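Trainee: What follows is a predicted structure for the sequence shown.
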Amino acid sequence: MKKLVLLAAIGSALMLAGAFAFQYLGEMPPCKLCIWQRWPHGIAAVLGLVIWLMPNRLVAFVGMLVVLFGAGVAFYHAGVEQMWWAGPDSCTGLPDLGGALSGDSLWARPIVRCDEIPWQMFGLSMAAWNGVISLGLAGMWALGWRKGFAK
């Protein structure tokens, strides 16, 4: 089962690499919720390294929870994109300028909106695909946790 958990961690690392590829090669800057979705995959990849060095069922349980949290953020983002519910004001409404405009640095980068879908495949956005894949990865973590790490 250790191999299954390591595969899940590698899956998260690949998801993170894919996100950076879309950002830097595909020239699709991430929104705030996209950035939030990256953190659980990064944490899961690090937890995979921990398990590789020191197999531990508790770490597998934490990995499962982290990736499940990431799936929740991804599905929340997908709902924001579909206008099923409101997203954060900072990326779906007008930005809070705080009454201070200093030079043109505020306008140097356009605000990437969380409620717009920049890419989709088979009718699912990147956020929705992240949620679906994250559920699968969480299942792998769960199996590893449940079955232990027999050699």
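Mentor: Done, it's in. Numbering: from 1, shown residues only.

Trainee: Can you give me the end-to-end span of stretch 116-130?
Mentor: 16 Å (C-alpha to C-alpha, to the nearest Å).

Trainee: Check what contacts that stretch and list those residues.
Mentor: 15, 22, 26, 28, 33-34, 37, 70-71, 74-75, 77-78, 81, 132 (C-beta atoms under 8 Å, 6 or more residues apart in numbering). Glycine gets a C-beta too; all of them are placed from N, C-alpha and C.

Trainee: So which bits of the helix ranked longest in the chain are buried?
Mentor: For the chain, the helix with the greatest residue count under DSSP state H is helix 57-81. Buried residues in helix 57-81, defined by neighbour count with 16 or more other C-beta atoms under 10 Å: 57, 59-60, 62-71, 73-81.

Trainee: same check, this time on stretch 20-40
Mentor: Neighbour counts over stretch 20-40 (16+ other C-beta under 10 Å) mark Phe22, Met28, Pro30, Cys31, Lys32, Leu33, Cys34, Trp36, Gln37, Arg38, Pro40 as buried.

Trainee: list the contacts for the fourth one?
Mentor: So that's Cys31. If you count contacts by C-beta under 8 Å, 6+ apart, Cys31 has them with Cys91, Val112, Arg113, Cys114.

Trainee: Quick one: neighbours of Gly148, just the number.
Mentor: 11 (other C-beta atoms under 10 Å).

Trainee: about what we covered before: what's the closest of the contacts of stretch 116-130 to Leu47?
Mentor: Closest approach to Leu47 among the contacts of stretch 116-130 (C-beta to C-beta): Gly70, at 12.2 Å.

Trainee: Cool, thanks, signing off.
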